[in-house]
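# show me how the following folds:
(one chain, ligands or ions: 1)
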Amino acid sequence: MISKHNIKDGFINYCQICGSKKIKNVLDLGHQPLADDLKNFGSNKLGTNFYPISIGFCKKCILLQNNYIVDDRILYTKNYHYRPGITKDVVNNFKEMSLKLLKLYKLNSNSVVADIGCNDGSLLKEFKSLGILKTVGIDPTNTIKYAPRYIKTIQDFMNLKCSKKALNFYGKMDLITTTNVFAHTNKLKDFILGVKKLIKKDGVFVIENHYLGAIIKKKQFDSFYHEHLRTYSLKSLINLLKYYGFKIIDAYTTDRYGGNIQAHFTLGNRKKSNKIKKILIHEKKEKLDKEITYKKLNNEIGDIDLKISKFLDKNKNKKIVAKAFPARASILIHRFSGIKNHIAFVGEQPTSLKLNKFVPGTNIQILSSKRFKKYKPDIMIILAWHLFDTIYKKWKPKLKKTKFVQILPNFKIY
Ligand SMILES: [Zn+2]
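This is a model prediction of the structure:
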């Protein structure tokens, strides 16, 4: 099966982890542009490609997967627009995560830590502030250029070749982290073999990703964008890493990005936490291993779509805007056509790299959210719904007459 873990582009008809052909199609979001395919004003939008988003379910692994794989050289162009370092909540989460790992695995100034998909180095910066100076960041995109100089960096995808380069800095790693990356790669075999080469025998490999349990609980189908090839349960991660000799030692569910799973693995022998069993039991209790759970999600998405359309049609003469454009917002805009047809523009933080670009595949502009004050919208749709409270608290005092619309997990007007 390991050879199948380097998944080829296009449609696949087997489970990306166990190879089973008994996968069920549970959700179809049609053809959509890539969520990060942001074109500059004035450039030719005709150049936008649309690719299928078709979600399959493997009962054996408890895994949701995208059945259509887009070439990662197309997905991770050098101009990637996401930077964690500019979002306060994300930085705070990294602070908390680094401190927890430091205590849990008794890391000290001799420890070596690598972060795969390090982006601007935000997580490794937190390790440095805790006294861990030997850090290596790996990322294929240009965002790595924003990482501070004291972090050793390699601009590349994770694989054996990349690991060999990384070993030259400080030798093998005590800790390797990868946050919100492991669901993205279509070269799983190369990635995990790279990690295996780079990690000490009793080192710890920490994977954090969006979690199937939270996706279902909060109906966050907007996380099924092309980059997210898999939506993991804990069981699926254990199944996958087992092929490479990694054993699970600990696991957590967290609130990050609307709900993440963090799983800790090692090649050596370490004590196993009892949290693992708890989460596995919970996955069965929540019926994540049952197809009906995903059919229900599909129906609920239809219901929310109707509510949004009705509300916006009724308010079509009002000034309507949307707030924030995380990658997942593209899925919402394309699935909920009411939003696509009615918003004047999307507001983003003044420091965002996404400003002055079009929402992928549309004429909708992404502009600085500073404009809200002058524009005085009647209605603001919160696309970054997982940050609804933060956004609401910030903007309500400035826009007292504006109605704020939450679309997930439930349609609500504030
Ligand atoms: Zn499977």
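
# what's the burial count for the residue lying closest to Lys373 once chain neighbours are set aside?
Taking C-beta to C-beta, 6 or more residues apart in numbering, and ignoring the residues beside it in sequence, Lys373 has Lys398 as its nearest neighbour in space, at 6.1 Å. Just so you know, the C-beta spots here come from the backbone N, C-alpha and C atoms, and that holds for glycine as well. Applying other C-beta atoms under 10 Å, we find 10 residues neighbouring Lys398.

# is Lys398 in a helix, a strand, or coil?
Taken by DSSP: H, G, I helix; E, B strand; the rest coil, the conformation at Lys398 corresponds to coil.

# give me the phi and psi for it.
The phi/psi pair for Lys398 (degrees, to the nearest 10) reads phi -90, psi -30.

# just the strands from the stretch 1-150 of the chain, written as ranges.
Per DSSP state E, counting those that start in this stretch, the stretch 1-150 of the chain carries strands over the ranges 10-11, 24-33, 39-40, 50-58, 63-66, 68-69, 112-116, 134-138.

# and the last one, which residues are buried?
Think strand 134-138. By 16 or more other C-beta atoms under 10 Å, the buried positions in strand 134-138 come out as 134-138.

# the ion next: which of the residues you listed are close?
By C-beta under 5 Å from the ion, no member of the buried residues of strand 134-138 lies near the ion.

# of those, just say which sits nearest to the ion.
Distances from the buried residues of strand 134-138 to the ion were compared by C-beta to the ion; the smallest belongs to Ile138, at 27.6 Å.

# tabulate the buried residues of strand 134-138 (JSON lines), appending pLDDT.
Shown next, in JSON lines, are the buried residues of strand 134-138 (pLDDT from 0 to 100):
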{"residue": "Lys134", "pLDDT": "98"}
{"residue": "Thr135", "pLDDT": "98"}
{"residue": "Val136", "pLDDT": "98"}
{"residue": "Gly137", "pLDDT": "98"}
{"residue": "Ile138", "pLDDT": "97"}
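
# about what we covered before: by mean pLDDT, show me the worst of the strands of the stretch 1-150 of the chain.
Here the lowest mean pLDDT among the strands of the stretch 1-150 of the chain goes to strand 39-40, at a mean of 90.

# who are the packing partners of that one?
Here strand 39-40 touches strand 357-358, going by 3 or more C-beta pairs under 8 Å, 6 or more residues apart in numbering; DSSP states H and E.

# what residues does the strand it packs on touch?
Where contact means C-beta atoms under 8 Å, 6 or more residues apart in numbering, the residues beyond strand 357-358 that reach it are 38-41, 45, 364-366.

# and of the strands of the stretch 1-150 of the chain, who's closest to Tyr211?
Closest approach to Tyr211 among the strands of the stretch 1-150 of the chain is made by strand 63-66 (10.9 Å; C-beta to C-beta).

# by contact count, what packs against the closest one?
strand 50-58, helix 212-217, strand 230-232.

# one step back: lowest-confidence one in the contacts of strand 357-358?
Minimum pLDDT for the contacts of strand 357-358 is recorded at Lys45 (58).
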